[in-house]
Structures are given as C-alpha cells and as structure tokens.
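In: below: sequence and its predicted model.
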Amino acid sequence: MGEEIWGFRIAEILVKCEIKGIFIGLNFTDSGLYLNSDEDNEAAYYVGIDLVMGRLTFDRWPRKRSDYPFMLETERKIPVEPGQSYCVDVIKEGSVLEVYFDEKAAMSARMYELAQGTFGFATQVGTAQVTGLAYLTADE
C-alpha cells in the first residue's frame, strides 16, 4: 500500500528565478516544494519540511539509492510547529539551489540531472496552506 501525496503545480520553472512564500503548516507530517518536475510528477527534486522530525530536507525522485529517506548531508534542523507560519525563500540559478527557511536555516544543493520542469507544492498525510506566493524571474 503506497502513501498518497497531494500537490498542485504552479508554473514552468525558469533557469534563473526566486520563489518566495509563507508556508502555514495546518496539519501535516511532510510538506514542501517540488522543483524541475516532469509532466506527471514522476521525476522531481523536492524540498521537504518534516514536522515530525523538525527538519528541512532535499530529495529527488526517483532516488538513486532507496535506503535513505532523503539525500545525505542535506538535512537541516528547523524549529517547526503545527499551525505556525514560516517564510520559505528558494533561489534557483542553473543547477544551483539555495533555500532559506524563516531566516533560521539555509540549505544549498545542486540539481544536475533534472534541468527543467515545473514547480509546485505538495503535502503528504495532512494539509498545509501557502500564502503570499511570489515567483520572480531574472533576465539572462
């Protein structure tokens, strides 16, 4: 029996952009933002907010190694509680990804293999709300 993931796609993600939003965790175990997703959401990078473990993670699907719940060395401990609002700022430039969580944690990663696609938000086991969404692009 697989777990259901609910999400919605926002737009094509450009090579150079910034995504800002207020993420309100109403009742979830794992929520986040997916990046460079294919048309069917079968392949994507995923910035996760894990309420149960209090961490920010980076992952990709499909995984090359399935024995870890996320990419190694990308976990950041974050102070996260149910029902609170958190500002998430994502900056993408080419394969470089930078994520800032509520001015309390930062994470950087590379996205080599999935170079383009869409972005959106997803929640696993629960609900969350995103408000004040801004998608900023930069001229090349």
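Out: Cool, got the structure.
In: wait, residue 94 touches residue 15, no?
Out: Yes. Residue 94 is in contact with residue 15 according to C-beta atoms under 8 Å; the separation is 5.9 Å. Bear in mind the C-beta positions are built from the backbone N, C-alpha and C, glycine included.
In: for the one helix or strand residue 59 maps to, buried residues please.
Out: Assigned by DSSP states H and E, residue 59 belongs to strand 55-61. Within strand 55-61, the residues scored as buried using 16 or more other C-beta atoms under 10 Å are 55-60.
In: ok now stretch 44-62, how far from the chain's centre?
Out: 6 Å (C-alpha atoms, centre = their mean, to the nearest Å).
In: compute the first-to-last residue distance for that stretch.
Out: 8 Å (C-alpha to C-alpha, to the nearest Å).
In: try stretch 105-116
Out: Note: stretch 105-116 ends 26 Å apart using C-alpha to C-alpha.
In: cool, and stretch 35-49?
Out: Using C-alpha to C-alpha, one end of stretch 35-49 lies 14 Å from the other.
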